[in-house]
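> sequence-free structure coming up:
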């Protein structure tokens, strides 16, 4: 049985020991690792704060047409293609990576809006230059995890044999980033 890491599933596995083999879902395990990693601090910047600001940017642009128009104008001025920032979901694999990646694409227009903001609307939501540097590092670290989970979540072919291979690929990619 393939299960997530919920306590009721762990209890089920303990009660059924010997009757079936339990395999813990690699996607769930990776997501729990990512959740734990969001607690770290890089220099003076908390990773969780950067993630929250990227989410705030998405909410700001998606909830108010005026903010969307302001971002479109800033994109024109900075010669960046306009995109809506990806809204991260609570239960979607890789949604944090997608959100941060979209904010990084909009980095220049967002910083422009933040710099010229007179009402603190953009200033409070948009990451600072240093926070964008941390966001870039976060996104680079999440990218190999995204690739692995996309392979593991395949529905039309078996993927369990890909777990060890992708874990090795994740380790290699993260070591390359660290170097």
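In hand now; what should we look at? Being a predicted model, the structure only gives us computed values, none of them experimental. Numbers count the residues shown, from 1 in each chain.
> Pull out the buried residues from the lengthiest helix in the chain.
In the chain, taking DSSP state H as the definition, the longest helix is helix 129-152. In terms of neighbour count (16 or more other CB atoms under 10 Å), helix 129-152 has its buried residues at 131-135, 137-146, 148-149, 151-152. (Each C-beta comes from the backbone N, C-alpha and C, glycine too.)
> ditto for stretch 77-91
Of the residues in stretch 77-91, those buried (16+ other CB under 10 Å) are 80, 85, 86, 88.
> Pull the contacting residues for the first one.
In other words, residue 80. Taking CB atoms under 8 Å, 6 or more residues apart in numbering, we find residue 80 in contact with 105, 106, 108, 109.
> May I see the buried residues of the strand or helix carrying residue 66?
In this assignment (DSSP states H and E), residue 66 forms part of helix 65-78. Under the neighbour-count criterion of 16+ other CB under 10 Å, helix 65-78 has 67, 70, 71, 74, 75 buried.
> Just flag the most distant two among those residues.
Greatest spacing in these, by CB to CB: 67 and 75 (12.5 Å).
> For the buried residues of stretch 77-91, give me TSV that also has distance to residue 167, secondary structure and pLDDT.
Formatted as TSV, the buried residues of stretch 77-91 follow (distance: CB to CB, whole Å; DSSP: H, G, I helix; E, B strand; the rest coil; pLDDT from 0 to 100):
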residue	distance to residue 167	secondary structure	pLDDT
80	36	coil	97
85	30	coil	96
86	26	coil	94
88	24	coil	91
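> And these, which is closest to residue 1?
For the buried residues of stretch 77-91, the nearest to residue 1 is residue 88 (29.5 Å; CB to CB).
> could you measure residue 45 against residue 150, distance?
Noted for residue 45: a distance of 28 Å to residue 150, by CB to CB, to the nearest Å.
> can you check residue 144 too?
For residue 144, the distance to residue 150 - CB to CB - is 11 Å.
> Repeat that for residue 157.
Counting by CB to CB, the gap from residue 157 to residue 150 is 13 Å.
> could you list every residue that touches residue 13?
Residue 13 neighbours (CB under 8 Å, 6+ apart): 1, 3, 22.
> Leaving out chain neighbours, which residue sits closest to the last one?
What sits nearest to residue 22 in space, not counting adjacent residues and going by CB to CB, 6 or more residues apart in numbering, is residue 13, at 4.0 Å.
> secondary structure class for the one you found?
Under DSSP: H, G, I helix; E, B strand; the rest coil, residue 13 falls in the helix class.
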